[in-house]
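Student: just coords:
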Ligand SMILES: Nc1ncnc2c1ncn2[C@@H]1O[C@H](COP(=O)(O)OP(=O)(O)OP(=O)(O)O)[C@@H](O)[C@H]1O
């Protein structure tokens, strides 16, 4: 995939594969092109050059709602929800959006969509379904957005910085949710700057810089890569991550 904005090559010939059952972590400095990559996959912005294949199908030119119905859902860095609606209403609308046989005119949410919405809320573990979205604390707003994506029944879920701004215990809550989603059979592509979160959840990691992949490999190998250390992690974060992997050797088994 290549995506240019004028003379800027935000994504520059990046080639990336996610297989069923994988959690692929996408890291890299600000402006590396990570969100732009998500935006192109989900048809938020058109591709400049390249192809996107999903389950053997060329989805390069599909519209956003068609990408969703093909089985790819995403979340955004900033919380996106219908503020004046309840948790339940938000998720039912998301489930309705993912419905392949929804009927217009009129706006009637099918029984199947309601069931998918309830299942998504259970999977994500978001209580208080009658609460109004604008009143939710930040963690619950993040969970709401993830539940909305899950309610569309994705086979591939793109999570864009799901733990930005959360406390350590809240980060753990989201980590549990990502593990549950992965166990439920959804492949996951995950952008995150919180490296412990990214590296402990991912089966494989890709680090981007200036629109290109500068590293692809096991989470335990990221902090050993000289280019990644110099362009992204820095020395202090690298030492902390190495210590983290020494303390949690089971993570070295990944990949
Ligand atoms: N709509 C746009 N128009 C022009 N330039 C854009 C647009 N969207 C992104 N860019 C530029 O593309 C580059 C990649 O941005 P992108 O948001 O994809 O990076 P990122 O890796 O997701 O960064 P971060 O970690 O800060 O979210 C940046 O230089 C950004 O300014």
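Tutor: Cool, got the structure. Note that the structure is a prediction, hence the values are computed from the model and not measured. Numbering: from 1, shown residues only.

Student: May I see the buried residues of stretch 163-183?
Tutor: 163, 166, 170-171, 173-175, 177-178, 181-182 (16 or more other Cβ atoms under 10 Å). The C-beta positions use only the backbone N, C-alpha and C, and glycine is treated the same way.

Student: which ones among those are found in helices?
Tutor: The helices, defined by DSSP state H, take in 170-171, 173-175, 177-178, 181-182 from those.

Student: What pLDDT does the model give the closest residue to residue 149 other than its chain neighbours?
Tutor: Of all residues beyond its chain neighbours, the one nearest residue 149 is residue 73 (3.8 Å), with distances taken as Cβ to Cβ, 6 or more residues apart in numbering. Per-residue pLDDT puts residue 73 at 97.

Student: returning to what we had before: okay, the ones in helices among the buried residues of stretch 163-183 in a markdown table with pLDDT and distance to the ligand next?
Tutor: Shown next, in a markdown table, are those (pLDDT from 0 to 100; distance: Cβ to the nearest ligand atom, whole Å):
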| residue | pLDDT | distance to the ligand |
| --- | --- | --- |
| 170 | 96 | 20 |
| 171 | 96 | 17 |
| 173 | 96 | 22 |
| 174 | 97 | 17 |
| 175 | 97 | 19 |
| 177 | 97 | 21 |
| 178 | 97 | 18 |
| 181 | 96 | 21 |
| 182 | 96 | 22 |
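
Student: Take the residues you listed and lay them out in TSV including distance to residue 137.
Tutor: As requested, these are exported to TSV (distance: Cβ to Cβ, whole Å):
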residue	distance to residue 137
170	9
171	14
173	12
174	13
175	18
177	15
178	19
181	21
182	25
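
Student: Tell me the pLDDT of the residue most central in space within the chain.
Tutor: Most central in the chain under Cα atoms, centre = their mean is residue 159, positioned 1.3 Å from the mean C-alpha point. Residue 159 is assigned 98 on the pLDDT scale.

Student: Same check on the one 10 residues further on?
Tutor: Confidence per residue is given as pLDDT, and for residue 169 that number is 95.

Student: before we move on, what about residue 253?
Tutor: Residue 253 carries a pLDDT value of 42.

Student: With residue 106 instead?
Tutor: Looking at residue 106, the pLDDT reads 62.

Student: Also residue 165?
Tutor: 89.

Student: Check whether it really touches residue 138, as I assumed.
Tutor: Yes - contact criterion Cβ atoms under 8 Å: residue 165 and residue 138 qualify, at 6.3 Å.

Student: Phi and psi next, for the residue nearest to residue 149.
Tutor: When read as degrees, to the nearest 10, the backbone of residue 73 gives phi -120, psi 160.

Student: try the one 3 residues further on
Tutor: With angles defined as degrees, to the nearest 10, residue 76 sits at phi -120, psi 160.

Student: neighbours around residue 191, how many?
Tutor: Other residues near residue 191 number 23, with proximity taken as other Cβ atoms under 10 Å.

Student: ok, it touching residue 41?
Tutor: No - assessed by Cβ under 8 Å, residue 191 is found out of contact with residue 41, at 11.7 Å.

Student: Tell me which stretches of this protein form helices.
Tutor: 34-41, 64-70, 87-97, 111-124, 138-150, 168-183, 195-201, 226-228, 234-247.
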